[in-house]
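> okay, here's the prediction I keep looking at, along with the sequence it came from:
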Amino acid sequence: MTEPQATRISFRQLLAFFIPLGISASLVTISHVIINSTLARSAQPEIVIASYALPLSILGIIERPAVLLRQTCSALVRDRRSFRAMSIVGWSVLGAIFGLGLTISYSPLGPWIFRHIFGAEESMVEPMLEVYRVLMFVSIFSGIRCLYHGIIIYNLRTKWLTIGMIVRLLSMYLLSLYFIHKGVESGTVGAIIFLTGMAVEAAVSFWEGRSLLRNSIPEVKEDHDVSKPSQIFHFYRPLLYSSLLAVIVGPSINAFLGKTTDIKLAIASFAIAASLAQLVMSFFSYTHQIVMNFYRKDAASVRRFFFILWLIPSLLIAILSYTSAGPWFLEHVMGVNERLQEASLSTLKVFMIMTLIFPLLDFGNGLLMLRGQTKVMVWSQASNVGITLITLLVTSLLFPGWNGRIGAFAQSLGVLAEVAVVMYVIWLAGRTEGRLPHPATAKNAMNAESSGQ
């Protein structure tokens with residue numbers, strides 16, 4: 001017996017909810033396209049992009065705990081008392097992140113990571129360290145941004161996320177024009193552009209978030225008992241564990257690309273192709289929100305909406321990969337030279353596998369969160385990491401000439417493994433339960449998980 005569905009959701013309603021989220025996610029990805037297209041205009045684009053891409057992959061791991069402050073804040077902060085508890089946890093996280101950044105930047109640990117984990121040539125170690133010494137500040141501003149994003153989202157002022165992103169992109173674009181005119185000499189240029197954009201966005205979020213705290217949020221809200229940092233941390237910790245599994249993938253790919261026949265070309269072509277694939281997929285990365293907000297009300301409409309959107313990312317990548325649109329975009333928009341252009345397009349063709357699978361994963365994750373089965377996501381991400389690492393190992397040993405395609409193929413198979421786990425659990429739950437649990441049941445399950453029970 002299924003849950004009653006009392007509300008009919010129109011396609012227009014779903015589209016009105018989905019499009020702003022998709023635009024916001026796409027704007028985030030455009031910032032990386034701006035940086036890569038700027039670095040591609042240097043005299044030695046392969047070396048410069050590689051010197052930026054590897055430190056950026058480390059930032060992906062270091063920054064992740066800061067990004068999780070957004071979900072935690074939006075879920076738990078309802079008054080100024082709970083925000084003070086959230087702030088203690090947030091600043092503790094940012095302090096730990098900054099300390100780790102200093103260690104990587106100014107101790108023997110940093111050179112060791114670049115030499116032995118990423119396989120960087122000796123001549124590239126110091127340029128990579130210089131890039132990371134700038135990037136480590138990005139994670140701090142990112143944490144501040146996400147902390148106040150949580151307040152903004154809960155108070156339904158999401159237009160300020162879009163405003164902040166637009167201002168960020170504008171500042172990054174103007175700075176990129178300056179560097180292109182001046183001349184791009186190192187990957188540090190990309191780090192400076194990224195840091196500037198993140199600082200600007202953090203300032204906008206801080207300004208609006210503080211305004212909401214002063215004018216719209218009470219000192220203490222009745223029936224809201226979150227007041228201690230320990231309560232915040234109980235919710236935050238499971239998110240941290242699961243996300244740390246996911247961020248292993250990026251650095252692992254770059255590390256194995258360091259074992260290909262043409263390291264610089266492999267890393268640079270993968271970075272460009274991945275940024276384009278992510279640009280396309282990012283617009284469709286909020287399918288889980290459609291599921292969580294509307295599936296119980298009108299599952300049939302949600303499924304129809306999903307099937308209409310499902311193939312669009314793959315079709316867009318196919319257009320870039322197999323028509324003249326791809327070479328034109330890489331040459332005239334990103335400024336990529338002919339050799340790097342050919343390698344990037346070859347890598348982008350492999351990414352079609354992932355763009356076909358990713359919407360299914362996002363839809364499935366939405367169902368898991370709706371059912372309160374978030375622990376499954378830890379195991380599905382673990383399967384992703386495992387299959388990705390195995391594929392990277394095998395292909396780098398047997399087919400080192402694939403260069404950037406190795407990373408795209410491994411990442412695609414990893415996502416396929418993750419989808420398989422998610423869909424199996426959903427199928428199994430459908431057989432054993434026959435229906436979605438009542439909302440209160442899902443809520444209780446999620447509360448139990450977040451409190452470590």
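Structure received. Since the model is a prediction, treat every value here as computed from it, not as a measurement.
> which residues are contacting the host helix or strand of Ser230?
Assessed by DSSP states H and E, Ser230 sits inside helix 229-246. Identification of contacts with helix 229-246 by CB atoms under 8 Å, 6 or more residues apart in numbering yields 61, 64-65, 67-69, 71-72, 75-76, 82, 85-86, 88-89, 92, 225-226, 374, 377-378, 381-382, 384-385, 449-452. Backbone N, C-alpha and C define where each C-beta goes, glycine included.
> among those, which ones are buried?
61, 64-65, 67-69, 71-72, 75-76, 82, 85-86, 89, 226, 374, 377, 381-382, 384-385, 449-450 (16 or more other CB atoms under 10 Å).
> and the average pLDDT for the helix holding Ser230 is what?
Taken as a whole, helix 229-246 has an average pLDDT of 79.
> only alpha carbons, please: show that helix as CSV.
Only the C-alpha atoms of helix 229-246 are listed here, as CSV (Å, rounded to 0.1, in the frame of the first residue of the first chain):
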residue,chain,number,x,y,z
PRO,A,229,28.6,22.5,20.2
SER,A,230,28.4,18.8,21.1
GLN,A,231,24.9,18.6,19.6
ILE,A,232,26.2,20.3,16.4
PHE,A,233,29.1,17.9,16.2
HIS,A,234,26.9,14.8,16.5
PHE,A,235,25.1,15.9,13.3
TYR,A,236,28.3,17.0,11.6
ARG,A,237,30.4,14.0,12.2
PRO,A,238,28.6,11.4,10.0
LEU,A,239,28.5,13.9,7.1
LEU,A,240,32.2,14.4,7.4
TYR,A,241,33.0,10.6,7.3
SER,A,242,30.9,10.0,4.2
SER,A,243,32.2,13.0,2.3
LEU,A,244,35.9,12.3,3.0
LEU,A,245,35.4,9.0,1.1
ALA,A,246,34.1,10.9,-1.9
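> that helix: what's the following helix or strand?
helix 249-257.
> off-centre distance for that next one?
16 Å (CA atoms, centre = their mean, to the nearest Å).
> what's in contact with that helix?
By CB under 8 Å, 6+ apart, the surrounding residues in contact with helix 249-257 are 53-54, 57-58, 60-61, 117-119, 263, 266-267, 270, 384-385, 388-389, 392-393, 396, 403-404, 406-407, 410-411, 414.
> what about 6 Å?
54, 57, 60, 117-118, 266-267, 388-389, 392, 396, 407 (CB atoms under 6 Å, 6 or more residues apart in numbering).
> could I get the CA-only coordinates of that helix as PDB?
The C-alpha trace of helix 249-257 is given here as PDB (Å, rounded to 0.1, in the frame of the first residue of the first chain):
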ATOM      1  CA  VAL A 249      38.700  10.200  -6.000                       C
ATOM      2  CA  GLY A 250      40.000  13.500  -7.400                       C
ATOM      3  CA  PRO A 251      43.500  13.400  -5.900                       C
ATOM      4  CA  SER A 252      43.700   9.600  -6.700                       C
ATOM      5  CA  ILE A 253      43.100  10.300 -10.300                       C
ATOM      6  CA  ASN A 254      45.700  13.000 -10.500                       C
ATOM      7  CA  ALA A 255      48.200  10.800  -8.700                       C
ATOM      8  CA  PHE A 256      47.700   8.000 -11.300                       C
ATOM      9  CA  LEU A 257      47.800  10.500 -14.200                       C
END
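> tell me the mean pLDDT over it?
Here the average pLDDT along helix 249-257 is 82.
> how about stretch 280-293?
Stretch 280-293 comes out at a mean pLDDT of 76.
> I would like the residues contacting it, please.
By CB under 6 Å, 6+ apart, stretch 280-293 touches 18, 21-22, 25-26, 29, 302, 309, 313, 316-317, 355, 358-359, 362-363, 365-367, 369-370.
> same deal with stretch 95-109?
62, 110, 132-133, 136, 139-140.
> for that stretch, buried residues please.
Quick answer for stretch 95-109 (16+ other CB under 10 Å): 97-98, 100-101, 104-105.
> most widely separated two among the residues you listed?
Maximum pairwise distance among these (CB to CB): 12.4 Å, between Ile97 and Ser105.
> tally of neighbours for Leu170?
Neighbour count of Leu170, defined by other CB atoms under 10 Å: 12.
> same question for Ala300.
11.
> that one: which element?
helix 299-309.
> for Glu185, state which of the contacts of stretch 95-109 is nearest.
Arg133 (16.2 Å).
> quick one, what contacts the closest residue to Asn254 other than its chain neighbours?
Ranked by CB to CB, 6 or more residues apart in numbering and with sequence neighbours excluded, the top spatial neighbour of Asn254 is Ser57, at 4.8 Å. If you count contacts by CB under 6 Å, 6+ apart, Ser57 has them with 250-251, 254.
> most neighbours of all the residues you listed, which one?
Counting by other CB under 10 Å, top hit in the contacts of Ser57: Asn254 with 27 neighbours.
> same list, the buried residues of stretch 95-109, but as a markdown table with secondary structure please.
Converted to a markdown table, the buried residues of stretch 95-109 look like this (DSSP: H, G, I helix; E, B strand; the rest coil):
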| residue | secondary structure |
| --- | --- |
| Ile97 | helix |
| Phe98 | helix |
| Leu100 | helix |
| Gly101 | helix |
| Ile104 | helix |
| Ser105 | helix |
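> low-scoring stretches of this protein, by residue?
1-7, 21, 156, 289, 292-293, 369-370, 372, 374, 432-453 (pLDDT under 70).
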